[in-house]
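In: give me coordinates for this.
(one chain, ligands or ions: 2)
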Amino acid sequence: MRAQSPNSTMGKRTLRGNSKAKVYTLIWLLLVCTPRVDSSWWYIGALGARVICDNIPGLVNKQRQLCQRHPDLMQSIGEGAKEWIKECQHQFRHQRWNCSTLERDHTVFGRVMLRSSREAAFVYAISSAGVVYAITRACSQGDVKICNCDGHKRGQASDQRGNFDWGGCSDNINYGIKFAKAFVDARERMVKDARALMNLHNNRCGRMAVKRFMKLECKCHGVSGSCSLRTCWLAMSDFRRTGDYLHKKYNTAVEVTMNQDGTGFMVAEHDFKGSAKNELVYVENSPDYCLMDRAAGSLGTAGRICNKSSRGTDGCEVMCCGRGYDTMRVKRLSQCECKFQWCCTVQCNDCEDTVDVHTCKPHKRPDWLDQT
Ligand SMILES: *[C@@H]1O[C@H](CO)[C@@H](O)[C@H](O)[C@H]1NC(C)=O
Ligand SMILES: *[C@@H]1O[C@H](CO)[C@@H](O)[C@H](O)[C@H]1NC(C)=O
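Out: Ligands and ions are numbered 1, 2, ... in the order given. This next block holds a predicted model:
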């Protein structure tokens, strides 16, 4: 333990009442005005191979320890982060909020994530799923020291097609889940508020989503491929399945409020039936994301490409929030008149065609703003 030196500044200098009040005001202002820097482990993806645990802003102590102890796992989490962010952008490519990230910003998604919205629910779920996926894959590929294929999958088992032998490498999803839980949840375990409860719930949904799409893969043996003998292993499906699933869960996410003793949720919608256990949950309504709003972290939809004939979220009506759209004729090169050549190539010509591309108009500023 470090002894407090008798002439440390703390002991010697006493603050006069007035300046003391000023200091407290300053601290209070800092606490109120500094937004909670959210889940910066997401930033590991941007750092890539240069993961240095002390330099990632916003890791809580537990995460920093795990980072120092398992630099190879952090490497996988970093590569995984690029993938789940790409998956998020794929899932939201037709929506006003499109999961865009900010360059060199350690909050990664900016101020949108300060709100306990449906979008935050999705990002927490898919990021936690992404960690499960990345760790599990790293274990199977032998990229990391601490884990490998699932050692419990040995001997014989059976499915609807009959008996088989466990063989090959079964993905060690349980290790992936265990590590993701320890690492990703660490931050939320530090506080007990509605936001932390919401994040923990959605993190769990994300982890379970990966497990849901584990599939049995088999290889046939036996006389001339008769498949009288099978060797099988459990494998994760493509991450796209998890992305599709969580996006569906985003659409049916459930609004909740914290219960009175602060230990759990109550579903806010009265006509909701069933359990919210496997649903994404959120606490606050989303902004409409129509306009650029720095405080809310909304980029707005000006300049976004929209689909004139769609009635969905990618339709110009919805995407442009009724502001209208501009149309551009663009020339496009595509392959055409493809012919099969014996054997075995396909030869095509390059053709040029024109397509109309529609983009949302910017917000029209009211006249009184232009007159300054
Ligand atoms: C998302 O939309 C913004 C404009 O609202 C655009 O600048 C950005 O390129 C888009 N990002 C992706 C990943 O599509
Ligand atoms: C636009 O929307 C229509 C109707 O939903 C769809 O059939 C079409 O493929 C979309 N076009 C593009 C370029 O996405």
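
In: CA atoms for contacts and neighbours, from now on please.
Out: Will do.

In: excluding chain neighbours, what is closest to the residue in the stretch 251-372 of the chain that ligand 1 sits nearest to?
Out: The nearest approach of the stretch 251-372 of the chain to ligand 1 comes at residue 301, 4.3 Å away (CA to the nearest ligand atom). Nearest residue to residue 301, sequence neighbours excluded (CA to CA, 6 or more residues apart in numbering): residue 290, at 5.6 Å.

In: and the one you found, what element?
Out: Using DSSP states H and E, residue 290 sits within no helix or strand.

In: neighbours around it, how many?
Out: Other residues near residue 290 come to 21 when the count uses other CA atoms under 10 Å.

In: wait, it sits on residue 297?
Out: No: between residue 290 and residue 297 there is no contact under CA atoms under 8 Å: 11.4 Å.

In: which residues of the protein lie near ligand 2?
Out: Proximity of the chain to ligand 2, by CA under 6 Å from any ligand atom, involves residues 307, 309, 310.

In: restricted to buried residues, select the residues you listed in PyMOL.
Out: Selection of buried members from the residues of the chain next to ligand 2 for PyMOL, criterion 16 or more other CA atoms under 10 Å:
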select buried, resi 307
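
In: can you tell me which of the residues of the chain next to ligand 2 is closest to residue 259?
Out: Minimum distance to residue 259 across these is 40.9 Å, recorded for residue 310 (CA to CA).

In: and the gap between residue 90 and ligand 2?
Out: Residue 90 sits 13 Å away from ligand 2, going by CA to the nearest ligand atom, to the nearest Å.

In: quick check, that residue in a helix?
Out: Yes: assessed with DSSP: H, G, I helix; E, B strand; the rest coil, residue 90 lies in a helix.

In: what's the burial count for it?
Out: Residue 90: 15 neighbours (other CA under 10 Å).

In: all strands of the chain, in order?
Out: Secondary structure of the chain by DSSP state E: the strands cover 156-159, 162-166, 214-221, 229-236, 254-258, 265-267, 281-282, 292-293, 298-299, 305-306, 325-341, 345-360.

In: lowest average confidence across the ones you listed, which one?
Out: Looking at the strands of the chain, the lowest mean pLDDT belongs to strand 265-267 (a mean of 88).

In: can you give the contact residues for that strand?
Out: Applying CA atoms under 8 Å, 6 or more residues apart in numbering, the set of residues contacting strand 265-267 from outside is 254, 255, 256, 257, 258, 259, 276.

In: which of the residues you listed are buried, as a ChimeraX select command?
Out: For the buried members of the contacts of strand 265-267, the matching ChimeraX selection, counting by 16+ other CA under 10 Å, is:
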select :254,255,256,257,258,276
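
In: find the pair from the contacts of strand 265-267 with maximum spatial separation.
Out: Spanning the widest gap among the contacts of strand 265-267 are 254 and 259, at 15.0 Å by CA to CA.

In: which positions in the stretch 51-200 of the chain make contact with ligand 1?
Out: Residues of the stretch 51-200 of the chain lying close to ligand 1 by CA under 6 Å from any ligand atom are 89, 93, 98, 100.
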